[in-house]
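Chemist: Have a look at this prediction, sequence included:
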Amino acid sequence: TPTVDIPTGIFTASPAGIVFIDANIGTINLGASTPGTYTITYTISTPCTVSTSQSLTINTTPNPPTPLATYVSRCGPGQVTFGVVQPPGVTIYWYDAPVGGTLLPFPGATVTTNVVSTTHYYAEAVTNGTTCTSLSRTDIIVVVKPIPAITNNILNYTICTGDSIKINLSSTLPTSIFHWTAFSNSGTLTGYSNGSGLSISQKLVNSGSVNDTVTYSVVAVADTCTSDTVKFIVAVKPFFDVIAAPLSQTICSGNSITVNLSSSNPATIFSWTATGNYPGLSGYSNGSGNTISQILSNSGPADGTVTYKIVPNGLGCTGDTVVSTVLIHPLPIPVISGLAILCVGTSGVVYSTQPGMTNYQWAVSGGGTVTAGGTATNNFVTITWNTPGTQSVSVNYHNANGCTAAASTVYPVTVNPMPGTPGSIIGTAVLCQGATGVSYSVVAVANATTYNWTLVPGTAGIITGNTTSITINWSAAFTGTASRTVKGVNNCGTGVA
């Protein structure tokens, strides 16, 4: 604002570009006026018209510096570079406050300095020569971000092959995301891979015979800041399998079975549990070792199955279970039908057993003669019994399952004898005509149950009795010689005299 000695005049400027706040007193709005050189004239018209002029130059005020970036960050304390664009003819000054503050010893538009915490830096532009200063300072914030650190205490793990490793990762910063690379120098270890997330969860398989390891190199990342690498080492125990030979077999009751157990890993230990699906089964049991060797029985009448569940173990790890089964047929029981009691000399006696079998094995005791059948293909035998006493017929065979009875079925036969030959008759040989109650007897005849007494001629008298002793009433009308005969009698018939 100029000093006016004579008021009531008017201020004007040439050329146009000056903005007066008050043209009467010459107050100029520099912020609204266009920079340049002007002639300022003050003119009064009373009492006469006079004017006076003066040259005025308005210099350009520099704009606030344009930042290369308003936000600069780094992870943890350390060196950082930031800056502004420096136009020609302008000098950049740096302060620690938006207004006033302390001038910082940073030369130039680009600054490289060390920071330990988040800090604001303010750039001011000053025109060279005119020393015109930007109306405001440019704020550049330098953010020092925290670096996460992995806080897991357990870094070493041991698992069995086929199990899943689960490592829950933790950090000093709860917003951390974890990234890992997985490495193993073993060609027999599979299932591991690189990845990211909050936990490592992978199923690892070691198909070799020794322990192998996987190393997970893990970093935590939070707001682009990366932690130091932490290595997690997982030891994977080897594969323990079982090869059972055979996996299935069929036997007849009372036979032994053998199941040989082996593994691709020689350190494998085997154990098994045995179960039967039928009440008549016996002989099976749980156990351990390299061979299952047991005698299995089936009391019948139906087939039964024993199931062995074999488990491989080693180094505290359990492999996959393998099942071996045994089908056990019950033994057949031959049944013989035919006469059990008969008389000596009976012929054409047929004994039979179940048809449709093979390899029949007939046996007849010495008192009988086979007259038909009795071969390996016959389910019958025809016998003539020649000798009295206790005799027998026995048979065994192979049924449709190829099983044979543990012992032949023996069918007892009782062969009854004929009566024996009587001895001499004891009694009166010469007597008077018409004698009565005359006793006669004979020593007991072997195998006789009763006795057949006869007189020849029959008119000589009347016999009373059928045991070893009888009486005869001789006829009064008979004289001469009569013969007495006695024969033993039993169920098989009448013997000889």
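Modeler: Done, it's in.

Chemist: Who are the contact partners of residue 285?
Modeler: 274, 294 (CB atoms under 8 Å, 6 or more residues apart in numbering). Glycine gets a C-beta too; all of them are placed from N, C-alpha and C.

Chemist: whoops, I mixed them up, residue 241
Modeler: When contacts are counted by CB under 8 Å, 6+ apart, residue 241 touches 263-265, 268, 312, 319-320.

Chemist: Selecting buried members of those in PyMOL, what would you type?
Modeler: For anyone working in PyMOL, the buried entries among those, judged by 16 or more other CB atoms under 10 Å, can be selected with:
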select buried, resi 263+264+265+268+312+319
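
Chemist: need the contacts of residue 241 in TSV with pLDDT and distance to residue 382, can you?
Modeler: Below are the contacts of residue 241 laid out as TSV (pLDDT from 0 to 100; distance: CB to CB, whole Å):
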residue	pLDDT	distance to residue 382
263	94	61
264	88	63
265	89	66
268	94	62
312	96	61
319	90	63
320	91	61
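
Chemist: Can you lay out the contacts of residue 241 as CSV showing distance to residue 31 and secondary structure?
Modeler: Compiled in CSV, those are given as follows (distance: CB to CB, whole Å; DSSP: H, G, I helix; E, B strand; the rest coil):
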residue, distance to residue 31, secondary structure
263, 93, coil
264, 90, coil
265, 90, coil
268, 93, coil
312, 91, strand
319, 88, coil
320, 87, coil
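
Chemist: Local confidence estimate at residue 54?
Modeler: pLDDT recorded at residue 54 is 93.

Chemist: cool, and residue 21?
Modeler: Value listed for residue 21 in the pLDDT field: 94.

Chemist: name the element it belongs to?
Modeler: Secondary structure assigned from DSSP states H and E places residue 21 in strand 20-22.

Chemist: Residue 436 and residue 475 touch, don't they?
Modeler: No. Under the criterion of CB atoms under 8 Å, residue 436 makes no contact with residue 475, lying 9.9 Å away.

Chemist: ok, the two, which is more surrounded?
Modeler: With other CB atoms under 10 Å as the criterion, residue 436 and residue 475 differ in neighbour count, and residue 475 comes out ahead with 19 against 12.

Chemist: if I pick that one, what's in contact with it?
Modeler: Residue 475 makes contact with 434, 459-462 under the criterion CB under 8 Å, 6+ apart.

Chemist: Also residue 151?
Modeler: Shown in contact with residue 151 (CB under 8 Å, 6+ apart): 170-172.

Chemist: One more pass at 10 Å, please.
Modeler: Contacts for residue 151 were tallied using CB atoms under 10 Å, 6 or more residues apart in numbering; they are 169-173, 176, 220, 227, 230.

Chemist: same deal with residue 203?
Modeler: The contact partners of residue 203, by CB under 10 Å, 6+ apart, come to 159, 161-165, 190-192.

Chemist: so it bridges to which residues?
Modeler: Partner residues in beta bridges with residue 203: residue 164, with DSSP bridges as the criterion.

Chemist: How about residue 84?
Modeler: Applying DSSP bridges to residue 84, the residues it is bridged with are residue 67.

Chemist: number of nearby residues for it?
Modeler: For residue 84, the tally of surrounding residues (other CB under 10 Å) stands at 25.

Chemist: List just the nearest of the contacts of residue 203 to residue 391.
Modeler: When those are compared for distance to residue 391, the smallest value, 69.7 Å, is given by residue 162; criterion: CB to CB.

Chemist: filter the contacts of residue 475 to the buried ones?
Modeler: 460-461.

Chemist: Just the ones in strands from the contacts of residue 475, please.
Modeler: When the contacts of residue 475 are checked against strands (DSSP state E), the matches are 461-462.

Chemist: what's the most distant pair in the contacts of residue 475?
Modeler: Taking CB to CB as the measure, those span a maximum distance of 13.1 Å, between 434 and 459.

Chemist: what residues are shared contacts of those two?
Modeler: Counting by CB under 10 Å, 6+ apart, the contacts common to residue 434 and residue 459 are 475, 477-478.

Chemist: For this structure, which residue occupies the most central location?
Modeler: In the chain, the C-alpha closest to the average C-alpha coordinate belongs to residue 320, at a distance of 6.2 Å (CA atoms, centre = their mean).

Chemist: That residue and residue 467, how far apart?
Modeler: Going from residue 320 to residue 467 by CB to CB, to the nearest Å gives 88 Å.
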